[in-house]
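J.: below: sequence and its predicted model.
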Amino acid sequence: MSVKTILLIILFIWGLPSTYFRSNFRKIVYQTDDWKINIKPLFKKEIKGLFVNIFPNNKKYIEARKHYRSYLLVYLVLFIIYSIIN
């Protein structure tokens, strides 16, 4: 198995929990428990919430943002490595 194939498999596996992290983060940012938030293409507030502290007193938001940022950073690094090898 080549390094490229292994990285592709790792990218795929690492992408699986993205639904959980994004759903959790979006529910806090848009202040809803409705499942439909996961399929709506609302990005502006989500992006703002990722880079700006929109709820400074909400510890749940800050913790979810930290986990989501960490997850996305690892995903980005894996993608860049895959792109360079490709």
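T.: Okay, I see it.

J.: show me the biggest helix of the protein in terms of residues.
T.: Longest helix in the chain, counting residues (DSSP state H): helix 59-85.

J.: average pLDDT across it?
T.: This predicted structure assigns helix 59-85 an average pLDDT of 94.

J.: what's the answer for stretch 24-34, then?
T.: Mean predicted confidence for stretch 24-34 is 92.

J.: okay, how far is it across that stretch, tip to tip?
T.: Across its full length, stretch 24-34 reaches 11 Å between end residues, using Cα to Cα, to the nearest Å.

J.: now do the SS call for residue 28.
T.: In three-state terms, and counting by DSSP: H, G, I helix; E, B strand; the rest coil, residue 28 is helix.

J.: any idea how far it lies from residue 59?
T.: The spacing between residue 28 and residue 59, counted by Cβ to Cβ, to the nearest Å, is 11 Å. (Each C-beta comes from the backbone N, C-alpha and C, glycine too.)
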